[in-house]
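Visitor: Here's my sequence, what's the structure:
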Amino acid sequence: MAHIDRALRSNIKLRHLQLLVALDEFRHLGRTAEFLAVSQPAVSKVLAEVEKMFGMTLFSRSTRGTEPTPAGESLVRFARSVLAQFDMTRDEIEAVASGAAGRVRVGSMGAALPVLLARAVSRLKAQSTRATVLIEEGDLTHLLPRLRLSELDVIIGRLEPAYAAPDLVTEPLYEEPMVAIVSADHALARKTRPAWSDLAAMPCVLPPPWASLRVKIEQTFFRAGQHPPADVVESSSYMAVTTFVAQRQAVGFVARSVGQQLEAEGRFKVLAMAIDVELPPIGLITLRERRLAPSVTQLIGCLRTEAEAIAGATARRQPKRRK
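Guide: From the prediction side, this is the model:
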């Protein structure tokens, strides 16, 4: 419709978009007003102004708060994308003006965070001390929507085939198997040939139920003639895995390079057993139509360099399979 096109192209302003995003976050006129440091009547007035502009209700109001209508949800997605692009452009201009390398917003899965990403950021900092890297950890269900809204520049982690889409560009970096870890003082840390029956009797930290990796680990228990453990904490967070493995004497599952790093630090032990789980490669995900800022391209170059080193090192240290 002509009036919607006119509203999007000419009439809507940055303050309108900021209001829509805040309303979507708080779902309450009063809390939105408090966040924006304005009066509640001012929030109502601006919302009415935007709704008149588009000729439709964008948020339904009730005593419980506000809720976006289907049209409101579409406009909120548009607002988030525009505001994210605004932030990125502002950061790029500020970086050029100050001589800094800019800002990179990275979504990282646990398989990549403590080794690949940590080393790549160190390499980036050695090249550009003033570069800023914002890191958000999560799984693809959490990170992909933020990438599509331009709130992240790149995602690093396992390239799950189920999440492939025409708007995404994926770049595999290296293949890496999984290992089981326990705390250094765990009884299994001293066992020369731990088995799946040992793991089944222990507390475990497993990926969430919706993760394909969770299904594969449980299938491996069944193939070994064991039921998966009943005492389970579910998380894909690297921090959660290491915390509960350490504090609950649990077994956790991590990428091999991560396990080797943890073992080298002395607090954890990689169990001497093969984890026969078929895994997708670790790699990068970006949006196909988005131009990457120089700082993002620079970090991606660092990631590629470190990925080559990790692939070579973990291959040399891979333990022989026990028969």
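Visitor: Strands along the chain, start to end?
Guide: For the chain, applying DSSP state E gives strands covering 59-62, 65-68, 103-108, 132-137, 154-158, 168-174, 178-183, 204-206, 232-234, 251-255, 268-270, 282-287.
Visitor: most packed of the ones you listed?
Guide: Greatest average neighbour count among the strands of the chain goes to strand 251-255 (a mean of 26), per mean count of other Cβ atoms under 10 Å. To be clear about C-beta, it is placed using only N, CA and C from the backbone, and glycine gets the same treatment.
Visitor: what residues go with each domain of this structure?
Guide: 2-80, 100-175+281-317, 178-270 (automatic domain parsing).
Visitor: Can you say which of those domains is nearest to M88?
Guide: Ranking the domains of the chain by distance to M88, with Cβ to Cβ as the measure, places domain 100-175+281-317 first at 6.6 Å.
Visitor: pLDDT of the closest one, averaged?
Guide: Confidence for domain 100-175+281-317, expressed as mean pLDDT, is 90.
Visitor: which residues in the stretch 201-323 of the chain form helices?
Guide: Assigned by DSSP state H, counting those that start in this stretch, the helices in the stretch 201-323 of the chain fall at 212-223, 238-247, 256-265, 294-317.
Visitor: And the stretch 1-150 of the chain, by the same measure?
Guide: For the stretch 1-150 of the chain, the helices defined by DSSP H, counting those that start in this stretch cover 2-6, 14-26, 29-36, 40-54, 70-98, 118-127, 140-148.
Visitor: Make TSV out of those helices and add distance to P229 and mean neighbour count.
Guide: Formatted as TSV, those follow (distance: least, Cβ to Cβ, whole Å; neighbours: other Cβ atoms under 10 Å):
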stretch	distance to P229	mean neighbour count
helix 2-6	54	11
helix 14-26	38	19
helix 29-36	42	17
helix 40-54	50	16
helix 70-98	40	16
helix 118-127	30	16
helix 140-148	24	18
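Visitor: Now distance to A180 too, for those helices, in CSV please.
Guide: Rendered in CSV, the data for those read as follows (distance: least, Cβ to Cβ, whole Å):
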stretch, distance to A180
helix 2-6, 55
helix 14-26, 39
helix 29-36, 45
helix 40-54, 52
helix 70-98, 39
helix 118-127, 22
helix 140-148, 23
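Visitor: and these, which one's lowest on average pLDDT?
Guide: Among the helices of the stretch 1-150 of the chain, helix 2-6 scores lowest, at a mean of 76.
Visitor: Other residues contacting that one?
Guide: Residues outside helix 2-6 that contact it (Cβ atoms under 8 Å, 6 or more residues apart in numbering): F54, G55.
Visitor: try stretch 18-31
Guide: Stretch 18-31 is contacted by residues 32, 35-36, 40, 43-44, 46-47, 50, 58-59, 61, 65-68, 72, 75-76, 79-80, 83 when judged by Cβ under 8 Å, 6+ apart.
Visitor: picking up where we left off before, so which of the helices of the stretch 201-323 of the chain comes closest to V205?
Guide: The closest of those to V205 is helix 238-247. By Cβ to Cβ, the value is 4.8 Å.
Visitor: Show me what counts as buried in that closest one.
Guide: Residues Y238, A240, V241, T242, T243, F244, V245, A246 are the ones in helix 238-247 that count as buried (16 or more other Cβ atoms under 10 Å).
Visitor: Pull up the distance across stretch 5-16, start to finish.
Guide: For stretch 5-16, the first-to-last residue distance is 16 Å (Cα to Cα, to the nearest Å).
Visitor: quick check, nearest of the buried residues of helix 238-247 to L149?
Guide: Sorting the buried residues of helix 238-247 by distance to L149 puts Y238 at the head of the list, at 23.8 Å, by Cβ to Cβ.
Visitor: Let me know the pLDDT of the closest one.
Guide: pLDDT, Y238: 92.
Visitor: Could you dump the domains of the chain into a markdown table and include distance to R90?
Guide: Formatted as a markdown table, these follow (distance: least, Cβ to Cβ, whole Å):
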| stretch | distance to R90 |
| --- | --- |
| domain 2-80 | 11 |
| domain 100-175+281-317 | 10 |
| domain 178-270 | 30 |
